[in-house]
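*Asks:* predicted model, plus sequence, below.
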Amino acid sequence: MFFFHSILFKKAAQIFIYLASGLLFDPLSQKQFDGQLQVLSFFHSELSPLQKDLIWLLENQPAARFSISNGHNRSEQDLLLNDLYSYNNVQPYWVTEYGPKEKASILLSELAKVDADGLDPARYHLQDLTALLNMKDRESLARLDVMLTLVLSTYLKDMYLGQAAPFHFNTTEQSREKDIPQLVLEGLNSPDLAAFLAAQVPQHREYQALKALLAQYRQLEFTGGWPQIPDGPTIRPGMVDKRLDLLAQRLHLSGDLPRQPPPVYVDISSDTLPPTTRLRLYDEELVKAVKRFQCRCNLEQDGSVGPKTLAALNMPVQEQVEKILLNMDRWRRLPHQLTGHHLLVNIASFDLAILNNGQAELIMPVIVGKEDHETPVFSHAMRYIEVNPYWTIPPSIVRKEIVKKMQQDPSYLRRQRIRVFTGWSEHASEISPSAINWYTIGSNIRRYRLRQDSGKGNALGTIKFMFPNRKNIYLHDTPGHNLFQRTKRAFSHGCVRVSRPLDLAVQILKDDGQNVSKERLQKQIASGKQVIFSLKHPLPIHLAYLTVRVSEDGTIHFYEDIYGRDDLLAKALLKTGRKKE
């Protein structure tokens, strides 16, 4: 009876504190004391039979026993149950000795609807719980009570931490911290459980748009999806091809060709075709529809149907439904209310946006980490903007890249205006690069700090945007602006390079109540002096990996899974119960 004894010990300790602090002289504290004293009376009177059954269940690993909380730590779930029932003096939350309370049916009714949010109802054992609702024996009531509490806890963890166990994939995909135990307690004591559960769903436009898209694409899947277009030569504007009727049908079903214009056919004479063969012309209307599709999928908008465009067109609707599910799971791990100003970097679409209550104030292209230097996913708060920054080069870049360059060209550091210091403290002495044997230094190079001076050619450009974090990730300008012309922009070592740093700085400072013009920033840059603009109100920033989004005008975007994180997350979700189509 470890659980029972631990309750009594805690309650006895609380009573001792009340007595020692003299709080019993306070009339309000007297009521609290009376409540605690009742628990100690368990030593002298019998527990109710229902409480005994509850205690037995709580002491025998209920999360594993009922196979609930898949994907979440079951030991933590059991500890949470112990705390919740200890807090309630081992009284049931969902039942009385006569049967289930009304809120038990409300919970099951609400959980039956979670499929609309991309959650798997099977995780919540609705069939077993519905059967228990009709049973009145004491053991079944105790079982129902504990299972309902577990199910509520699991649902809230799913809604805030995602259904996939964090250890199944990159740990940087984890959500911000959330006080789940306190949230579960609020749910257990809520006077309106249905309203409480509805409030846990993300309310912002991005999530709600994906929810509507999920319903739309599930219906499209139910009716058979779209046709597959056979492989063949690249179809260019003005050409004829026997696959163009299928292409028009495919584009119509996805909304890229809202109305199907009358097709134009051309009579073709060829040694390889029957006489008077008529093939459809790849006309202007179809080209526009293809370009629209290419824009939505972040492909080169040339209007030609080549291998990449054809592969995107032929992605089955079932796979797109799965992508929507994965991205709804990602949004659940981000703040559920996007109120006020936020900065959102979407790694998968290579862009960032400043949002004000969910509405975009500024959007621009960015460059993210290469496939072997992935930009991580996390949330933080931007605290300052630095003009004319110097660049302290990460040891990994020094070891893997700069050592080799110095072996090939001893003047490299001098030409790049990179200085060498004996250590990482502020007072470390500067030494000549020639003082280091670059052929034998190896991993010992990490003892030295290399810093590139601000100014022309600096890898961080003219401005950096700081949200100090352990990953040493930040936003910054770049001298290589030509790379922003590329469609796929994964070139950095993990930090995010911004295409319009001055516009970004002006907007952030304006939203922070600081009137700093672009001209003032340009003069500051020209002076060569380092200046820091501290934000009076730290700006929430989210580095996210979203491969499906719906823009404010309703346009649906599917982005390439550049880091393979969709596959990783899908495998983790499969382990938590959802079967792949």
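*Replies:* That came in fine, so what should we check first?

*Asks:* from here on, contacts and neighbour counts on C-alpha atoms
*Replies:* Will do.

*Asks:* center of the protein - which residue?
*Replies:* Arg330 (3.5 Å; Cα atoms, centre = their mean).

*Asks:* just say helix, strand or coil for that one.
*Replies:* helix (DSSP: H, G, I helix; E, B strand; the rest coil).

*Asks:* next one, pLDDT for it please.
*Replies:* According to the prediction, Arg330 has pLDDT 94.

*Asks:* contacting residues around it?
*Replies:* Residues near Arg330 by Cα atoms under 8 Å, 6 or more residues apart in numbering: 162, 545-546.

*Asks:* spit out the contact partners of His341.
*Replies:* Here His341 is in contact with 354-357, 511, 539-540 (criterion: Cα under 8 Å, 6+ apart).

*Asks:* follow-up on the earlier one: which of the contacts of Arg330 fall within helices?
*Replies:* Using DSSP state H, no member of the contacts of Arg330 falls in helices.

*Asks:* element containing Ile68, please.
*Replies:* For Ile68, there is no enclosing helix or strand under DSSP states H and E.

*Asks:* quick one: contacts for it?
*Replies:* Contacts of Ile68 by Cα under 8 Å, 6+ apart are 123-125, 147, 150-151, 154.

*Asks:* can you say which two of these are spatially most distant?
*Replies:* Arg123 and Met147 (11.9 Å; Cα to Cα).

*Asks:* just to revisit the earlier point, export the contacts of Ile68 to CSV and tack on distance to Met135, pLDDT and secondary structure?
*Replies:* Listed next are the contacts of Ile68 as CSV, based on distance: Cα to Cα, whole Å; pLDDT from 0 to 100; DSSP: H, G, I helix; E, B strand; the rest coil:
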residue, distance to Met135, pLDDT, secondary structure
Arg123, 22, 89, helix
Tyr124, 19, 94, helix
His125, 16, 94, coil
Met147, 14, 95, helix
Leu150, 19, 94, helix
Val151, 18, 95, helix
Thr154, 23, 92, helix
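
*Asks:* which one of those is nearest to Leu279?
*Replies:* For the contacts of Ile68, the nearest to Leu279 is Arg123 (52.0 Å; Cα to Cα).

*Asks:* now that closest one: how far from Ile402?
*Replies:* 51 Å (Cα to Cα, to the nearest Å).

*Asks:* those two - which one has more neighbours?
*Replies:* Between Arg123 and Ile402, counted using other Cα atoms under 10 Å, the more crowded position is Arg123 (21 against 18).

*Asks:* how much space between that one and Tyr155?
*Replies:* Counting by Cα to Cα - Arg123 and Tyr155 are separated by 9 Å.

*Asks:* now the element after the helix or strand bottoming out on mean pLDDT in the chain, going C-ward?
*Replies:* Taking mean pLDDT, DSSP states H and E as the measure, helix 27-40 is the helix or strand of the chain with the lowest mean score, a mean of 42. Scanning forward in sequence from helix 27-40 by DSSP H and E, the next helix or strand is helix 49-58.

*Asks:* and that following helix, what does it pack onto?
*Replies:* Packing contacts for helix 49-58, counted by 3 or more Cα pairs under 8 Å, 6 or more residues apart in numbering; DSSP states H and E, involve helix 2-21, helix 74-87, helix 138-161.

*Asks:* how close does the residue nearest to the centre of the chain get to Met382?
*Replies:* In terms of Cα to Cα, Arg330 sits 21 Å off from Met382.

*Asks:* all strands of the stretch 301-450 of the chain, in order?
*Replies:* Assigned by DSSP state E, counting those that start in this stretch, the stretch 301-450 of the chain shows strands spanning 341-346, 351-356, 359-369, 378-387, 391-392, 418-421, 430-431, 449-452.

*Asks:* tell me the strands beside the fifth one, with direction?
*Replies:* Just to be clear, that refers to strand 391-392. Partner strands and pairing direction for strand 391-392 (DSSP bridges) are strand 449-452 (antiparallel).

*Asks:* can you check the third one too?
*Replies:* Strand 359-369 has the following sheet partners, assigned by DSSP bridges: strand 351-356 (antiparallel), strand 490-492 (parallel), strand 496-498 (antiparallel).

*Asks:* out of those, which one sits most buried?
*Replies:* Ranked by mean neighbour count, these are led by strand 496-498 with a mean of 28 (mean count of other Cα atoms under 10 Å).

*Asks:* hey, C-alpha coordinates of stretch 60-77 in PDB?
*Replies:* Only the C-alpha atoms of stretch 60-77 are listed here, as PDB (Å, rounded to 0.1, in the frame of the first residue of the first chain):
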ATOM      1  CA  ASN A  60      -0.300  -1.400 -10.000                       C
ATOM      2  CA  GLN A  61       1.000   0.500 -13.000                       C
ATOM      3  CA  PRO A  62      -2.300   1.700 -14.500                       C
ATOM      4  CA  ALA A  63      -0.900   3.300 -17.600                       C
ATOM      5  CA  ALA A  64       0.700   0.000 -18.700                       C
ATOM      6  CA  ARG A  65      -2.200  -2.100 -17.400                       C
ATOM      7  CA  PHE A  66      -4.700  -0.200 -19.600                       C
ATOM      8  CA  SER A  67      -2.300   0.400 -22.500                       C
ATOM      9  CA  ILE A  68      -3.100   4.100 -22.400                       C
ATOM     10  CA  SER A  69      -0.700   6.900 -23.100                       C
ATOM     11  CA  ASN A  70       1.000   5.300 -26.000                       C
ATOM     12  CA  GLY A  71       4.000   7.400 -27.000                       C
ATOM     13  CA  HIS A  72       4.200   9.100 -23.600                       C
ATOM     14  CA  ASN A  73       6.200   8.000 -20.600                       C
ATOM     15  CA  ARG A  74       4.000   5.600 -18.700                       C
ATOM     16  CA  SER A  75       6.000   5.900 -15.400                       C
ATOM     17  CA  GLU A  76       5.400   9.700 -15.600                       C
ATOM     18  CA  GLN A  77       1.700   9.000 -16.200                       C
END
